[in-house]
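1. Fold the following.
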Amino acid sequence: MTAAAAAAAAVRGPWDIRSDCTPACAVHTLPRVPAALTARRLAAFAHAVRRALTDGGRADEPVRLRTHARALLASLGIRREGTGCADAGGPAAPGQGQGQGLTVPAGGPGTLVVVNHISWLDIPALLAVEPVTLLAKREVGGWPVVGGLARRAGTHFIDRTDPRRLPYAVAELTELLASGRSVAVFPQATTWCTAGPGAFRRATFQAALDAGAPVRPVTVGYTQGGGPSTVAAFCGEDTFAASLRRVLTARALAVRVTAHPAVAGVGLDRRELAALAEHAVLGGRVRTGLPTGAPGVPAPRRTPQPMADRHG
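-> Next up, the predicted model:
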């Protein structure tokens, strides 16, 4: 076992997840860009990072945070696509057109935004659409560049090595949502090379039920030249330097953020709600045969379940 593998194993907890994906999954589907363009991108990226991390203003201000996230992606030559709400099987409902962001407009609880996880680029890709509070594993805080941006954006980090902390993390998330703040979470609990595999963990969905918050399923995917690509994947024992090198040399790389119609938890438990969201995110459409509630209509406030019953 390598030193990196040993360190990773040491921080894994009993409710942590291991991905089958490895750095070998991340491959170019188009020829790499010339060295001169790679160098220009690196210089632009370094400049964007420096501005984001040394900005004297409040980094969690939505306009400022969105500007920095978009600048980071642009510096890497990454095109942004699909910032609206994708409707599966018909015209978009009112308020769900292509120009919409991630959250559900409402005067009550915030929105639980649930997203698949492929890369460190997922974070700036989300923030470039609509800045929201992030709930992420503690390790993200140590990631170069993105970790600093996430900390400045007010990300809440959770320790997955101690299962005793899970009830407190769920309670904290419930409070954030109930206060009207929208929160983005990665319920797959680790990264995968595509948007297909990786089951959703259910604990964060209990917070949505307890707070009466709507759930917005969101799919993040990467393409090169319009075709699927794994070059942006950041999996297994991959290093940030190796991942950044692949991204810098990637030709015609784009990230698509697809916000699916929101679902409410009316009449559902956390398992059913998680299944609905998982199918929407990983399958591109809401599963039939399960009650969904009206899109964008929050569920009624529930009495929180005992903490001991929330695991999973």
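2. Wait, Gly225 touches Arg251, no?
-> Yes: using CB atoms under 8 Å, Gly225 is in contact with Arg251, at 7.1 Å. Just so you know, the C-beta spots here come from the backbone N, C-alpha and C atoms, and that holds for glycine as well.
3. joint contacts of the two?
-> Each of Leu30 lies in contact with both Gly225 and Arg251 under the rule CB atoms under 8 Å, 6 or more residues apart in numbering.
4. the more surrounded of these two?
-> Arg251 (17 against 11; other CB atoms under 10 Å).
5. Go through stretch 38-54 and flag the buried ones.
-> Buried residues in stretch 38-54, defined by neighbour count with 16 or more other CB atoms under 10 Å: Thr38, Arg41, Leu42, Ala44, Phe45, Ala48, Val49, Ala52.
6. Now the fourth one: closest residue in space that isn't a chain neighbour?
-> In space, Ala44 comes closest to Ser75 once its chain neighbours are excluded; the distance is 3.8 Å by CB to CB, 6 or more residues apart in numbering.
7. Per-residue confidence at the residue nearest to the spatial centre of the chain, what does it come out as?
-> By CA atoms, centre = their mean, the chain has its centre lying nearest to Val115, at 4.2 Å. As predicted, Val115 sits at a pLDDT of 92.
8. and it, what does it touch?
-> Asp122, Leu126, Ala184, Val185, Phe186, Val218, Thr219, Val220, Val281.
9. Let's see that with 7 Å instead.
-> The contact partners of Val115, by CB atoms under 7 Å, 6 or more residues apart in numbering, come to Asp122, Leu126, Ala184, Phe186, Val218, Val220.
10. Would you mind listing which of those are buried?
-> For those, buried by 16+ other CB under 10 Å: Asp122, Leu126, Ala184, Phe186, Val218, Val220.
11. close enough to count as contact, the third one and Pro131?
-> No: under the criterion of CB atoms under 7 Å, Ala184 lies out of contact with Pro131, with a separation of 9.6 Å.
12. In three-state terms, how would the residue nearest to Cys21 when sequence neighbours are not counted be classified?
-> Residue nearest to Cys21 in three dimensions, not counting chain neighbours: Cys235, with 3.9 Å by CB to CB, 6+ apart. Taking DSSP: H, G, I helix; E, B strand; the rest coil as the rule, one finds Cys235 in the coil state.
13. Cys235: neighbour count?
-> 22.
14. The residue sitting furthest away from the middle of the chain: which element?
-> Distance from the centre of the chain peaks at Ala36, with 31.9 Å (CA atoms, centre = their mean). In this assignment (DSSP states H and E), Ala36 forms part of helix 35-54.
15. Thank you, goodbye.
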